[in-house]
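Student: Sharing a model that was predicted from the sequence below.
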Amino acid sequence: EAQVTQNPRYLITVTGKKLTVTCSQNMNHEYMSWYRQDPGLGLRQIYYSMNVEVTDKGDVPEGYKVSRKEKRNFPLILESPSPNQTSLYFCASFGQKRPNEQYFGPGTRLTVT
Amino acid sequence: AQSVTQPDIHITVSEGASLELRCNYSYGATPYLFWYVQSPGQGLQLLLKYFSGDTLVQGIKGFEAEFKRSQSSFNLRKPSVHWSDAAEYFCAVAPPYNTDKLIFGTGTRLQVFP
């Protein structure tokens, strides 16, 4: 089954404790992206990657890092989480054909206390 | 500024009633248009998309959307709503100058009463 998976689905952590949210897709897609969803703001792009070792900032990249060492994986790293990063995070992917629809993971709900 | 607007934050309808969710965009050229649905606790699922051609687009779950260039709109419709349609609906656009980017509206939460 074609899918995007994220782990963990739920995470509660404390300010300053580094964490990683993993994202993996099995569709051999070149493009992957991270979004955060906040009430009243919709989804906003954090970072995206056009292919292995190619990443770029989205609209709200501050406080986040990403890496793309393998085509299928695109982890989101919060080196020093803060309460304002409490949010619902989605990973998405799509292939080379343009335009194209993005496939979304199930989301990771992060709470930073 | 270039943007996507969903003017209705929250809509309540009775089961069996018709539904229309509004979406307006502001771009110089026609972007690529999408509607996604997010059921409680779930990820986003694509309902339908418009790239070109027939301006009335059919999607999954009985939804359709009509692209109106003159109004810069892409409204989502369903003739008869089911209780299982209760969810949050997002309109999204991929700008014509950067089809890798997806810009979302703020969402419309649909509540369905029996």
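Tutor: In hand now; what should we look at? Numbering: from 1, shown residues only, chains lettered A, B, ... in the order given.

Student: What ranges does chain A have for its strands?
Tutor: Here chain A has its strands, by DSSP state E, at A:4-7, A:10-13, A:19-25, A:31-38, A:42-51, A:54-57, A:65-66, A:76-78, A:87-94, A:103-104, A:108-112.

Student: Mind putting those strands into CSV with mean neighbour count, mean pLDDT and distance to chain B?
Tutor: All C-beta atoms are positioned from the backbone trio N, CA, C, and that covers glycine. Listed next are these as CSV, based on neighbours: other Cβ atoms under 10 Å in any protein chain shown; pLDDT from 0 to 100; distance: least, Cβ to the nearest Cβ, whole Å:
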stretch, mean neighbour count, mean pLDDT, distance to chain B
strand A:4-7, 18, 96, 8
strand A:10-13, 13, 96, 10
strand A:19-25, 19, 98, 12
strand A:31-38, 23, 95, 6
strand A:42-51, 20, 93, 4
strand A:54-57, 14, 94, 10
strand A:65-66, 18, 98, 15
strand A:76-78, 19, 98, 15
strand A:87-94, 24, 95, 6
strand A:103-104, 22, 92, 4
strand A:108-112, 18, 97, 9
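
Student: Quick check: which of those is nearest to B:Ser39?
Tutor: Minimum separation from B:Ser39 across the strands of chain A (Cβ to Cβ) falls at strand A:103-104, 12.2 Å.

Student: chain center to stretch B:14-32, what's the gap?
Tutor: The chain centre lies 5 Å from the centre of stretch B:14-32; the measure is Cα atoms, centre = their mean, to the nearest Å.

Student: Return it as PDB; C-alpha atoms alone will do.
Tutor: Extracted C-alpha coordinates of stretch B:14-32, given in PDB (Å, rounded to 0.1, in the frame of the first residue of the first chain):
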ATOM      1  CA  SER B  14     -28.200  19.000   8.900                       C
ATOM      2  CA  GLU B  15     -27.700  15.600   7.500                       C
ATOM      3  CA  GLY B  16     -29.100  15.300   4.000                       C
ATOM      4  CA  ALA B  17     -28.800  19.100   3.300                       C
ATOM      5  CA  SER B  18     -26.600  20.400   0.500                       C
ATOM      6  CA  LEU B  19     -23.200  21.900   1.200                       C
ATOM      7  CA  GLU B  20     -21.000  24.500  -0.300                       C
ATOM      8  CA  LEU B  21     -17.600  25.400   1.100                       C
ATOM      9  CA  ARG B  22     -16.000  28.500  -0.400                       C
ATOM     10  CA  CYS B  23     -12.400  29.000  -1.500                       C
ATOM     11  CA  ASN B  24     -11.000  32.100  -3.200                       C
ATOM     12  CA  TYR B  25      -7.400  32.600  -4.400                       C
ATOM     13  CA  SER B  26      -5.400  35.600  -5.300                       C
ATOM     14  CA  TYR B  27      -2.800  35.000  -8.000                       C
ATOM     15  CA  GLY B  28      -1.900  36.600 -11.200                       C
ATOM     16  CA  ALA B  29      -2.400  33.400 -13.200                       C
ATOM     17  CA  THR B  30      -4.600  30.400 -12.400                       C
ATOM     18  CA  PRO B  31      -2.900  28.200  -9.900                       C
ATOM     19  CA  TYR B  32      -3.500  24.400  -9.600                       C
END
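
Student: If you average the pLDDT over that stretch, what comes out?
Tutor: In this model, stretch B:14-32 carries a mean pLDDT of 92.

Student: contacting residues for B:Trp83?
Tutor: By Cβ atoms under 8 Å, 6 or more residues apart in numbering or on different chains, the residues touching B:Trp83 are B:15, B:112, B:114.
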